[in-house]
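[1] quick one, fold the following:
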Amino acid sequence: MQKIIIIGATSGIGRELSRLYAGAGHLVGATGRRQELLYSLVLEYPNHVETECFDATEKGMTAHLESLVEKLGGMDMLIYNAGWGEPAETLDWNIDKATVDINVNGFLEAIHFGWRYFLAQGHGHLVTTSSIASIRGNRVSPAYSASKSFQSVYFEGLHIKARKLGIPLYTTDVQPGFVDTNMAKGIRFWVAPADKAARQIKKAIEKKRWRVYITHRWWLIAKLFKWIPSWLYHRIG
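    All right, here's what the predicted structure looks like:
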């Protein structure tokens, strides 16, 4: 039985991952801003879910995580699934700041907490939900693609650092394409149900994959984004 903390577990991928792990008999520490949605998870899995209600952009996240570790009696995996982004034709300071606050600053505080804990423990697994948008810049959401690139590049560095340590400390960078959540904004191209995305993520974590595209066919788009010439991408991107 593993003890797993999922930051951003009230909806979408995070909620489905919570259900998968709790349903398999693991202990899940679920976090989010909406207490009623956290409580509904507890009602579904009363013996397998503990909660902490907080916003990942607020000060004091580490204290909440420490409290959750105590409730679980330890931690084997930390999944940072909190994230936000909003398209805008104009460059909007409020959108960009909110995006960086959760996708960069909140991410860093949580991952530093997990890294220190797992390093002292001698084992553990860090996971982040990044995005296929991390690969190139995007004119309608530059802060989102930049913040997700920060997560993915940071996790590649952690992956290399963890390998050099010679202990079972793993990292997994999850890069979803379009998933049927509120952030999809009505998009219909290759949109995956959240439960299908969660199942593929869980399998990738079990295989200790350092990076995975969700759903798997999005690796085609990843390759295209990486290799398309800049002169062409800048016309259409």
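[2] can you list contacts of the top strand by length along the chain?
    For the chain, the strand with the greatest residue count under DSSP state E is strand 169-176. With contact meaning CB atoms under 8 Å, 6 or more residues apart in numbering, strand 169-176 is reached by 13, 118-119, 122-132, 134-135, 151-152, 155-156, 158-159, 162, 192, 197, 201, 204-205, 208-215, 218, 222. For every residue, glycine as well, the C-beta is placed using N, CA and C.
[3] quick check on those: which are buried?
    The neighbour-count test (16 or more other CB atoms under 10 Å) marks 13, 118, 124-132, 134-135, 151-152, 155, 158-159, 162, 192, 197, 201, 204-205, 210-215, 218, 222 as buried among these.
[4] quick one: the helices in the protein?
    Under the criterion DSSP state H, the chain contains helices at 12-23, 35-44, 61-72, 93-100, 107-121, 142-165, 194-206, 218-227, 230-236.
[5] using a markdown table, lay out those together with distance to Ile6 and mean pLDDT.
    What follows is the helices of the chain, written out as a markdown table (distance: least, CB to CB, whole Å; pLDDT from 0 to 100):
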| stretch | distance to Ile6 | mean pLDDT |
| --- | --- | --- |
| helix 12-23 | 5 | 97 |
| helix 35-44 | 10 | 96 |
| helix 61-72 | 10 | 97 |
| helix 93-100 | 21 | 95 |
| helix 107-121 | 11 | 98 |
| helix 142-165 | 16 | 97 |
| helix 194-206 | 10 | 95 |
| helix 218-227 | 22 | 80 |
| helix 230-236 | 34 | 82 |
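[6] these: which one's closest to Trp84?
    Counting by CB to CB, Trp84 lies closest to helix 93-100 out of the helices of the chain; the figure is 5.9 Å.
[7] export that closest one as PDB, just CAs?
    Extracted C-alpha coordinates of helix 93-100, given in PDB (Å, rounded to 0.1, in the frame of the first residue of the first chain):
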ATOM      1  CA  TRP A  93      -1.000  40.900 -16.600                       C
ATOM      2  CA  ASN A  94      -3.600  39.400 -14.300                       C
ATOM      3  CA  ILE A  95      -3.700  36.200 -16.300                       C
ATOM      4  CA  ASP A  96       0.000  35.900 -16.600                       C
ATOM      5  CA  LYS A  97       0.600  36.500 -12.900                       C
ATOM      6  CA  ALA A  98      -2.000  34.000 -11.900                       C
ATOM      7  CA  THR A  99      -0.500  31.400 -14.300                       C
ATOM      8  CA  VAL A 100       3.000  31.800 -13.000                       C
END
